[in-house]
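> The following block contains a protein sequence and its predicted model.
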Amino acid sequence: MNAFDKDLGKLGDIAHVHYGDGEIMVLRPGHYVICAVSGKKIPLESLRYWNPRLQEAYAGPVQALQRWRELQAGEG
């Protein structure tokens with residue numbers, strides 16, 4: 001199933017996704033996921049940034065970098 005399927009309107013809004021290395025697997029279809037940093041809705045077709053270790057999605061490179069910096073500060 002992809003975001004352009006005709007039955008998409010019948011699905012729940014929030015998708016449940018497994019974030020892998022370089023790819024995602026949609027476990028429960030939906031329209032979007034939530035950015036772990038900003039709380040913004042990210043349409044699945046726009047999802048480009050995530051962390052497979054933390055299983056988090058990010059709205060963009062700014063949010064991904066912010067989380068990376070937070071993780072680096074916590075390790076120091």
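Everything's here; your move.
> Just list whatever residues bridge to the most centrally placed residue in the chain.
Centrality entry for the chain: nearest residue to the mean C-alpha point is residue 57, 3.0 Å, by Cα atoms, centre = their mean. Going by DSSP bridges, residue 57 is paired in beta bridges with residue 35, residue 50.
> residues contacting it?
Contacts of residue 57 were listed using Cβ atoms under 8 Å, 6 or more residues apart in numbering, and they are 17, 19, 33, 34, 35, 36, 42, 47, 49, 50. All C-beta atoms are positioned from the backbone trio N, CA, C, and that covers glycine.
> low-confidence ranges in this protein?
Along the chain, the parts satisfying pLDDT under 70 run over 1-12, 76.
> which residues in it form strands?
Secondary structure of the chain by DSSP state E: the strands cover 16-19, 24-28, 32-34, 41-43, 49-51, 56-58.
> for those, which one ends up most surrounded?
Highest mean neighbour count of the strands of the chain: strand 56-58, a mean of 22 (counted as mean count of other Cβ atoms under 10 Å).
> what's the spacing between residue 57 and residue 20?
Distance, residue 57 to residue 20, by Cβ to Cβ, to the nearest Å: 12 Å.
> To clarify, my last question referred to residue 33.
Counting by Cβ to Cβ, the gap from residue 33 to residue 20 is 14 Å.
> Repeat that for residue 47.
Residue 47 is 12 Å from residue 20, by Cβ to Cβ.
> the more surrounded of those two?
residue 47 (18 against 11; other Cβ atoms under 10 Å).
> which ones are touching the more buried one?
By Cβ under 8 Å, 6+ apart, the contact list for residue 47 reads 17, 24, 33, 57.
> Please name the bridge partners of the second one.
Yep, that's residue 24 we're talking about. residue 19.
> Correct me if wrong: it contacts residue 16.
No. Counting by Cβ atoms under 8 Å, residue 24 does not reach residue 16; the two are 10.6 Å apart.
> Residue 27 and residue 14 touch, don't they?
No. Look at residue 27 against residue 14 with Cβ under 8 Å: they stay out of range, at 11.4 Å.
> Just the endpoints, please. Distance across stretch 34-53?
End-to-end distance of stretch 34-53 (Cα to Cα, to the nearest Å): 17 Å.
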